[in-house]
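> sequence first, then the predicted structure:
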Amino acid sequence: MSKKTTYTLPIGPIHPALKEPVAFEFETDGERIINVDFHVGHVHRGIEWIGMHRNPVQILYIAERICGICNICHPIAFCRAVENAAGIEVPERADYIRVIMAELERIHSHILWAGVAAHEIGFDTVLHLSWAMREKVLDLIEYLTGNRITKAIMAVGGVRRDITENQYPTINNALNYYKENLDTIKSVFLDDKSIQMRAKNCGILTKEDALKLCAVGPTTRASGVKKDVRVDQAYCAYGDLNIDYMTPDLLTGEVNGDVYDRIVVRLLEVEQSIDLIEQCIDMLPAGDIMAEPKIPKLLAMLKKVEGDGIGRAEAPRGEVIHYVKLKAGDAPFTWKVRAPTYNNLLPWVPMLLGEEVADIPIVAASTDPCLSCTNRAIVIKGNKREVLDNEALHRMSVEKTRRLAL
Amino acid sequence: MKRLTPEEIVEYFNDKLKENIKDTKIERKTAGKKKNEFCTVWLKVDKSVFKDAVRELCGIDFPHFAVASGSDMGDYIELMYHFSVYYGERLKEISITISVDLPKTDLRIDSICDIIPGALISEREIQEMLGIKVEGIPDNRRIFLPEDFPEGVYPWRKDEKGPQNLVRDMYE
């Protein structure tokens, strides 16, 4: 009679994937993962609470700081929630500029992710290659908005900065750079043997699980679920554009829902984003960029509004939704933020079950988790909590990957 | 089942749940140059039929559950479950929000995890943030709040159970 012993392997809160905290507990039988549990909440910062004590224009800057990467889509979702509650009509030109900004953000986020994913499997030359490519889009974002990261371009009822015709050559220049160089990254990721060996048939999420667990973004599309806010609903200028769902079968002819498919979807989406920006520039309508450029007047109007509003947007990681309840006063009565990783937490469980310990980093990273977005609310008081040493855990994780690497 | 318009969705719910549908609203917005339309349906249901309403929603189309939000309205807590149906086809999605009022004397609601397993994180969140008991929840633990967060304080509440007393320590 044999007795099976399982071990519990704690990983985190310093994360094996991105540099953000989430704690995992894996129950393992040898190398196989047989149970997964996770703890989030280490970066709850009270953002919604802070917001409920500020006016909507001030909240914009807080919304922008929910996440270091998604600082276009959170403000878009917040603006749309307030605009829907208050019945503000956004000028057409502003709708188009919002799309251009959102797609630039997607290009930079997906290329950043590609580098991180390569790093997770120990392919650091690709990390440097992709992050060097990412610089170009950051430069373009800086050129158009004045900032590389927190762009401060959204406004309730429009956008703060216009795009003028004399900026077109610089935009085209950057887009052409990606058109010419994207194939390099594509061939590295899609044809390289070691990436295929690590990513194919690894971390599978079935279509059924993706639907039931309400996964969003590239994570769900890689499993064959057609869910993309940009295609599903008419928001900003997306309703006018030629756009379709990016699922892995468009390139490979099949849907497996594995890590490889999630790489495919993101690479396809970078190409799609370039196309969308070009469409927007071709169709850019003339006109105002703000529904109400006088901020005090806008605030005075918003103060009197009573109503609920929902704003959805497709972030690089999936659907982000903001809910706002306005109830006559300076600050919104309720502000609820739901970032995409919130919905992509539960799909980790079926993805990781049955996989090997060495696959944890790449599988966890394959959803492109963003935990500062997921953990937002509230204040912590009292007893200090012991935190594990970042360096030691990172070293352990690297050693583990190296030992198990192919 | 054929694809329903927002009006037909409201009618469908009125038909199925009769007087337990307390309030309905259809919101239409347009965007861009082509002025394509996007609809949001708001339904307020009695708490006794909340789970039935979610079941009926699944009869229309398997919904995407986005999140649950909650507002402390004084005597009662207003919970809103944000869903969407008909995604997967160009510009066909309809957003549906089912809201329910829970009196503070009886803060209980049924879990919908058996219908939509992806609702678990939201249910754990409303439990810890609003002090609502979700009956039949498969995982009763906290999700975002740390283990040493005081009992009986609910961050989304605006009454005496809110976090006001903790806020003074915020900048320490």
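Right, received. Where do you want to start? A quick note: this is a predicted structure, and the numbers were derived from the prediction, not measured. Numbers count the residues shown, from 1 in each chain, chains lettered A, B, ... in the order given.

> any weak-confidence spans in the chain?
This is for chain A. A:1-3, A:15-19, A:370-406 (pLDDT under 70).

> that's the wrong chain, I meant chain B
Short version for chain B, where the test is pLDDT under 70: B:168-172.

> any idea how far residue A:330 is from chain B?
Counting by C-beta to the nearest C-beta, to the nearest Å, the gap from residue A:330 to chain B is 15 Å. Placement of C-beta: from N, CA and C, glycine included.

> excluding its backbone neighbours, what's nearest that residue?
residue A:55 (4.7 Å; C-beta to C-beta, 6 or more residues apart in numbering or on different chains).

> that neighbour and residue A:22, how far apart?
The gap separating residue A:55 from residue A:22 is 33 Å, by C-beta to C-beta, to the nearest Å.

> how much space separates the residue nearest the centre of chain A from residue A:265?
Residue closest to the mean C-alpha point of chain A, counted by C-alpha atoms, centre = their mean, is residue A:317 at 3.0 Å. In this view, residue A:317 and residue A:265 are 12 Å apart by C-beta to C-beta.

> joint contacts of these two?
residue A:218 (C-beta atoms under 8 Å, 6 or more residues apart in numbering or on different chains).

> can you list the buried residues in stretch A:290-305?
For stretch A:290-305, the neighbour count (16 or more other C-beta atoms under 10 Å in any protein chain shown) marks A:290-292, A:298-299, A:302, A:305 as buried.

> next step: these restricted to helices.
Residues of those located in helices (DSSP state H): A:298-299, A:302.

> the more surrounded of residue A:55 and residue A:22?
A side-by-side neighbour count of residue A:55 and residue A:22, using other C-beta atoms under 10 Å in any protein chain shown, places residue A:22 first with 26 against 18.

> tell me the spacing between that one and residue A:349.
13 Å.

> same check on residue B:10?
With C-beta to C-beta as the criterion, residue B:10 and residue A:349 are 36 Å apart.

> neighbour-wise, which of the two wins?
Using other C-beta under 10 Å, the more surrounded residue of residue B:10 and residue A:349 is residue B:10, with 19 against 16.

> which residue ranges form the strands in chain A?
A:7-11, A:23-29, A:32-39, A:154-155, A:158-159, A:306-315, A:318-327, A:334-338 (DSSP state E).

> ok so, going back, once you drop chain neighbours, what's closest to the residue nearest to the centre of chain A?
residue A:340 (4.0 Å).

> just checking, the one you found touches residue A:312?
No: using C-beta atoms under 8 Å, residue A:340 is not in contact with residue A:312; the gap is 10.9 Å.

> what's the overlap in contacts for these two?
Joint contacts of residue A:340 and residue A:312 (C-beta under 8 Å, 6+ apart) are A:319-320.

> what count of nearby residues applies to residue B:16?
15.

> ditto for residue A:107
28.

> what's it in contact with, if anything?
Contacts of residue A:107 (C-beta under 8 Å, 6+ apart): A:137, A:178, A:270, A:273-274.

> list buried residues within these.
Neighbour counting by 16+ other C-beta under 10 Å classes A:137, A:178, A:270, A:273-274 among those as buried.

> and which of the residues you listed is nearest chain B?
Nearest to chain B out of these is residue A:273 (C-beta to the nearest C-beta; 17.4 Å).

> so the closest one touches residue A:106, yeah?
Yes: using C-beta under 8 Å, residue A:273 is in contact with residue A:106, at 4.7 Å.

> which ones among the contacts of residue A:107 lie within helices?
Short answer: these in helices (DSSP H) are A:137, A:178, A:270, A:273-274.

> tell me the one among those residues nearest to residue A:249.
Here the nearest of the ones in helices among the contacts of residue A:107 to residue A:249, counting by C-beta to C-beta, is residue A:270; it sits at 17.8 Å.

> that closest one contacts residue A:106, doesn't it?
Yes: using C-beta under 8 Å, residue A:270 is in contact with residue A:106, at 7.4 Å.

> the residue nearest to residue A:317 and chain B: what is the separation?
Using C-beta to the nearest C-beta, residue A:340 is found at 10 Å from chain B.

> how many neighbours does that residue have?
Neighbours of residue A:340 (other C-beta under 10 Å): 29.

> OK, contacts around the spatially closest residue to residue A:35 that is not a sequence neighbour?
Counting by C-beta to C-beta, 6+ apart, residue A:27 is the residue found nearest to residue A:35 once chain neighbours are left out, at 3.7 Å. By C-beta under 8 Å, 6+ apart, the residues touching residue A:27 are A:6-9, A:33-36.

> for residue A:27, name its beta-bridge partners.
Beta-bridge pairing for residue A:27 (DSSP bridges): residue A:8, residue A:35.

> likewise residue A:308?
Beta-bridge partners, per DSSP bridges, of residue A:308: residue A:325.

> residues touching it, list them.
A:85, A:323-326, B:42, B:80, B:97.

> if we use 10 Å, what do you get?
Each residue near residue A:308 by C-beta atoms under 10 Å, 6 or more residues apart in numbering or on different chains is listed here: A:81, A:84-85, A:323-327, A:333-334, B:25, B:27, B:40, B:42, B:69, B:71, B:78, B:80, B:97, B:99.

> next: residue B:41.
B:4, B:6-7, B:9-10, B:13, B:24-27, B:83-85, B:94-98.

> could you grab the helix/strand/coil label for it?
Following DSSP: H, G, I helix; E, B strand; the rest coil, the label given to residue B:41 is strand.

> who does the closest residue in space to residue A:97 that isn't next to it in sequence bridge with?
In space, and not counting its chain neighbours, residue A:97 is closest to residue A:159: 4.8 Å by C-beta to C-beta, 6+ apart. Beta bridges link residue A:159 to residue A:154, judged by DSSP bridges.

> report how many residues lie close to residue A:159.
Neighbour number of residue A:159 under other C-beta under 10 Å is 26.
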